[in-house]
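Visitor: 3D model of this:
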Amino acid sequence: MKPDSKMVQDAFLRAMAEGYAQNVKKTTVPEIPNSKAITFVWGDFIVLDCYLTTPYSEKSSGTTTIWYEEQPVWVMHYGGGYAKIAIPFLKSCLHRAYVLERRFYGGRGPKFVRDERFTYINHIEHDSFESFFGIEKIFDLSEQALGHHWYRGMSLL
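Guide: Numbers count the residues shown, from 1 in each chain. Just a heads-up that it's a prediction; the model follows:
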C-alpha cells in the first residue's frame, strides 16, 4: 500500500512532537562522526532526524527523512546557527508548532512568536508538505539577530 501525504505528515508531526523540541536522548549514526540522531518509529514509518554541530561555531546542519515500509517517502534539509541563549526559545517555538498546534509550518515553528525576551519569525516561501522552503530567524527585543535556519524539503511520493 502506498501512503498518502496525510499519513506521512501525521508521522512527521508525531515524530517532531517527541523529538528535538522535547530534549530527547540522541544517538549517533556510526558512519557519520559526531552526528546527533533522533529516531522515531510509528507503525510502518521510520523518521530519522540527523544533524551535525561543531565546537568551532554555533552552526548546525541536518536532514529529516521519513521512510514507509523501508522506502524513503519524504525529506527535509536545514542549516544555520543560533546563539546558545536563543536555543530554549527556538525549542519552545518548535514545540508550539508540533505539539500544541500539531501544524506544519514548512517543517519548523509558527510564522510569528514573541515573548518577553525574543521574537521568532518564520518566512515560509513555499508552504506545502509536498514541497516547501523558507528561513526562520530569532531576534532579541533590540532587534539584534540571534540566528537563523534555512530549510527546504519535499515529498518523494
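Visitor: Neighbours of residue 151, how many?
Guide: 21 (other CB atoms under 10 Å). Glycine gets a C-beta too; all of them are placed from N, C-alpha and C.
Visitor: Please name every helix or strand in contact with the helix ranked longest in the chain.
Guide: Longest helix in the chain, counting residues (DSSP state H): helix 5-17. Secondary-structure packing of helix 5-17 (3 or more CB pairs under 8 Å, 6 or more residues apart in numbering; DSSP states H and E): strand 35-42, strand 45-53, strand 59-68, strand 71-82.
Visitor: Mind checking the pLDDT average for that helix?
Guide: Helix 5-17 comes out with an average pLDDT of 95.
Visitor: Also stretch 78-94?
Guide: 96.
Visitor: What are the contacting residues of that stretch?
Guide: Defining contact as CB atoms under 8 Å, 6 or more residues apart in numbering, one finds that stretch 78-94 is touched by 16, 20-21, 23, 51, 57-64, 107-110, 113, 115, 117-118, 120, 135-136, 138, 146-152.
Visitor: mean confidence for stretch 20-27?
Guide: 84.
Visitor: partners of residue 50 in the sheet?
Guide: Beta-bridge partners of residue 50, counted by DSSP bridges, are residue 37, residue 63.
Visitor: Could I get the contacting residues of residue 108?
Guide: By CB under 8 Å, 6+ apart, residue 108 lies in contact with 78, 93, 94, 97, 122, 134, 136, 149, 151.
Visitor: buried ones in the longest helix of the chain?
Guide: Within helix 5-17, the residues scored as buried using 16 or more other CB atoms under 10 Å are 7, 8, 9, 11, 12, 13, 14, 15, 16, 17.
Visitor: just stretch 95-114 next, same as before
Guide: Across stretch 95-114, burial judged by 16+ other CB under 10 Å covers 95-98, 104-111, 113.
Visitor: In contact with the nearest residue to residue 98 once chain neighbours are set aside, which residues are there?
Guide: Using CB to CB, 6 or more residues apart in numbering and skipping residues adjacent in sequence, the residue nearest residue 98 is residue 16, 4.1 Å away. Contact analysis of residue 16 by CB under 8 Å, 6+ apart lists 49, 94, 97, 98.
Visitor: swap in residue 99?
Guide: With CB under 8 Å, 6+ apart, residue 99 has these contacts: 17, 21.
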